[in-house]
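[1] sequence first, then the predicted structure:
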Amino acid sequence: MMTSDIYSLTDDNALHGIHLATSYPFYCRLTRQETVLAQGKTNEDWNAMCTLIASRTGHIIQGQIQIDTLTINGVDRPFH
């Protein structure tokens, strides 16, 4: 079974950015839970989302990835 099947991932909810050390593009589809946390208002929400992504994908976001765009329900939004 593929990861995308387990989590029902689509391009509708995702993070887009750049890896700071390598300048490689970064793209990560978000699960429903990660999407809710990405829209949260607290640092705890963001930390929880980053932990879930790291557990699921192995990608460490904090300190390594510059997030440029957050896509929610197919709508791209500037991250900051």
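    That came in fine, so what should we check first?

[2] which residues in the chain form strands?
    Secondary structure of the chain (DSSP state E): strands located at 14-19, 25-29, 65-72, 75-78.

[3] of the ones you listed, which is nearest residue 41?
    Nearest to residue 41, of all the strands of the chain, is strand 65-72, at 13.9 Å by CB to CB. (Glycine included, C-beta is placed from N, CA and C.)

[4] which of the residues in that closest one are classified as buried?
    Neighbour counts over strand 65-72 (16 or more other CB atoms under 10 Å) mark 65, 67, 70, 71 as buried.

[5] so which of these is the closest to residue 77?
    Top of the list for closeness to residue 77, among these and by CB to CB, is residue 70 at 5.2 Å.

[6] what pLDDT is listed against the closest one?
    We have a pLDDT of 96 for residue 70.

[7] who are the contact partners of the residue lying closest to residue 79 once chain neighbours are set aside?
    Leaving aside its chain neighbours, residue 79 sits nearest to residue 67 (4.5 Å; criterion: CB to CB, 6 or more residues apart in numbering). Applying CB atoms under 8 Å, 6 or more residues apart in numbering to residue 67 gives the contacts 15, 16, 17, 26, 61, 79, 80.

[8] same check, this time on residue 32
    Under the criterion of CB under 8 Å, 6+ apart, the contact list for residue 32 reads 8, 13.

[9] what's the pLDDT at it?
    Residue 32 is given a pLDDT of 93.

[10] how close does the closest residue to residue 52 other than its chain neighbours get to residue 19?
    Leaving aside its chain neighbours, residue 52 sits nearest to residue 34 (5.4 Å; criterion: CB to CB, 6+ apart). Distance, residue 34 to residue 19, by CB to CB, to the nearest Å: 19 Å.
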